[in-house]
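Peer 1: quick check, what structure comes out for this input:
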Amino acid sequence: MNKHDEDYTGVLKVLQQAPDESIDSISIDRAIHNGRGRIRRRRVLGGLAVVGVVGAAAFAAPPLVDTFRDSPVAGQGPAQVQPFGVWGREFDIGTGGGFQAVSYTTASRFQVIGLTTAAEPSHDGPIGDVTLLAPGLRPKSTTGTKLPDIAGRPAVLVSSDDSGTKIVWQYADDAWGTVMLYNTPENPVERARQVAEGIHRRATPVPVKVPFTAPRRLLADDLDVVMVRFPFVTPDASQLIEVTLGKTEPDATTGPGVPRFGVLRPGKNWKGSTKVNGRPATVDDIGATISGLGSGFAATITADRLPKMVDVAAGITLISDPSDPTKGTDEPLR
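Peer 2: Just a heads-up that it's a prediction; the model follows:
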């Protein structure tokens, strides 16, 4: 199996870890292993390809999950970590190495940019992702072959083989980023370095909003939005816009009974296999997709053992045009 063929594998499912583990000692490798095989969205959504950390519709999203194979560890302990805001895009990216951004994921401990080289990505073409860790966190491994500095700061080639090319670099004081490229046979190391050179942290984050709301009354009181995934820069209305819930900070974790949900435009051939409240739908033990939000959009949810999962999906309401990132809300739980 290619890495980029793996579905979302629950990269933050750390509730499956021992309860006394801190955020600094979480093994994301183990989270990936524990979650693998749980999310089967391709089957649910028919013609859609939904892969990556929080998924994407109507195109093959970059394999964001692989960036986290090395757990972030605190530089000087939790007190030194400077978390990002979940509702702000902290970074801009250029077109270094011939790559362009297609998706963006925000979270307090990291932000992830999905990459492709084409307007219509495929599993056969070059794809990748950039992960920016919050200051005070760094990749577990920063050793390897030294590369030319990036903006006067160290850069290291960690690995480059048939499975992909990975570099890490320091983008600011005590702040690290990772570039991972796949299916890139021509000059992958230099192209990864060029991608990193094009990353810049903004002086002021761009506000992030989502075009939907979901019923808070059906969700546990201690859950809040800990991760947001959205199309980058000029949204394509067919792409998935999704939030992931987790325990309220400082835990910032997800696990059994904790959902990811959002809106998308299903594939042309998708008709559903059942109905929910008279709306075409597909429902199984880990997720549901329910059409009928208007403008061709459907609500979608992935959740493991979440009570009233289908009710949550049925309660999702489209409140603004998904193609306009300036509209929507940063308080989707109502």
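Peer 1: hey, let's count contacts and neighbours off CA atoms from now on
Peer 2: Will do.
Peer 1: now residue 210: how far from residue 131?
Peer 2: Distance check for residue 210 against residue 131: by Cα to Cα, to the nearest Å, it reads 21 Å.
Peer 1: give me the more crowded residue out of the two.
Peer 2: Taking other Cα atoms under 10 Å, residue 210 and residue 131 do not tie; residue 210 has more neighbours (28 against 22).
Peer 1: in terms of pLDDT, where does that one sit?
Peer 2: Per-residue pLDDT puts residue 210 at 96.
Peer 1: what about the helices in the stretch 201-334 of the chain?
Peer 2: 309-314 (DSSP state H, counting those that start in this stretch).
Peer 1: low-confidence stretches in it?
Peer 2: Applying pLDDT under 70 to the stretch 201-334 of the chain flags residues 233-238, 248-257.
Peer 1: which stretches of it form strands?
Peer 2: 212-213, 223-231, 241-247, 260-264, 274-276, 279-283, 287-294, 297-302, 317-318 (DSSP state E, counting those that start in this stretch).
Peer 1: quick one: secondary structure of residue 189?
Peer 2: Assigned by DSSP: H, G, I helix; E, B strand; the rest coil, the conformation of residue 189 is helix.
Peer 1: need the contact list for the closest residue to it other than its chain neighbours.
Peer 2: Leaving aside its sequence neighbours, residue 189 sits nearest to residue 165 (Cα to Cα, 6 or more residues apart in numbering; 6.6 Å). For residue 165, the contact set (Cα atoms under 8 Å, 6 or more residues apart in numbering) comprises 158-159, 179-182, 188-189, 192.
Peer 1: please redo it, this time with the cut-off set to 6 Å
Peer 2: With contact taken as Cα atoms under 6 Å, 6 or more residues apart in numbering, residue 165 is in contact with 159, 180-181.
Peer 1: what do you get for residue 330?
Peer 2: By Cα under 6 Å, 6+ apart, the contact set of residue 330 is residue 209.
Peer 1: picking up where we left off before, show me the contacts of residue 165 that map onto helices.
Peer 2: Judged by DSSP state H, helices contain none of the contacts of residue 165.
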